[in-house]
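In: fold the stuff below for me.
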Amino acid sequence: MDRTNHQRCRADIFNSSVQEAGKAFREARSAKEAATAAGRTVKIQTVTIELTEIAQKLDRIQPELAFAEAGDLLREIQRRLRRLMAPFATDPELRDAIGAVLQALQAAQTSLKAVRPTDPAAEAPNSVYYGTQDAFDTISNCVADLLGLFEKQTLHFGENDAEP
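Out: Numbers count the residues shown, from 1 in each chain. Okay, here's the model as predicted:
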């Protein structure tokens, strides 16, 4: 009888230990998921800040924009946007918006090539600005769309929660 009680006691202790280990495992997994979600939120907030800076820079383009300045601006914006978007390229909610930004960047590159002066000293006043304005505006609009999608993710909206 003592041996049966002893075995039952050992079995109870074992079962209790297994249950505690399972509980600890579930809590650790939950903590890991929370930390991952928090890290993603921080990354999205950082991207949102940088996208806002890019949009503001695009909004400040002036008619006196020279070809060299436009080229420098476009290269900077391309580099920053590509770096910011790369980690999210496979995200199904962002894929189309990222594709639109990449197309807008390509169109801006084409527009800039079209206004390249043959003689930089004889560059027509405001010609670069007016020749690239639509392309830079399209980039700005696409960045705004992407910014809204990132903000939506940061706020943890459901699929239809942001709709009126």
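
In: where in this structure is pLDDT low?
Out: 1-3, 5-16, 18, 36, 156-164 (pLDDT under 70).

In: in this structure, which spans are helices?
Out: Secondary structure of the chain (DSSP state H): helices located at 2-59, 67-85, 95-114, 127-154.

In: need the winner for burial among those helices.
Out: Comparing these by mean neighbour count (mean count of other C-beta atoms under 10 Å), helix 127-154 ranks first with a mean of 19. (Glycine included, C-beta is placed from N, CA and C.)

In: name the helices or strands packed onto it?
Out: Applying 3 or more C-beta pairs under 8 Å, 6 or more residues apart in numbering; DSSP states H and E, one finds that helix 127-154 contacts helix 2-59, helix 67-85, helix 95-114.

In: closest one to residue 142 among those helices?
Out: Residue 142 lies closest to helix 95-114 among the helices and strands packed on helix 127-154, at 4.5 Å (C-beta to C-beta).

In: before we move on, the earlier item: could the helices and strands packed on helix 127-154 be laid out in TSV, adding distance to residue 147?
Out: Output for the helices and strands packed on helix 127-154, formatted as TSV (distance: least, C-beta to C-beta, whole Å):
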stretch	distance to residue 147
helix 2-59	5
helix 67-85	10
helix 95-114	9
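
In: among those, which is nearest residue 126?
Out: Of the helices and strands packed on helix 127-154, nearest to residue 126 by C-beta to C-beta is helix 67-85, at 11.6 Å.

In: what comes into contact with that closest one?
Out: With contact meaning C-beta atoms under 8 Å, 6 or more residues apart in numbering, helix 67-85 is reached by 47, 50-51, 54, 57-58, 61, 65, 94, 98, 101-102, 105, 108-109, 112, 115-117, 120, 123, 128-129, 132, 139, 143, 146.
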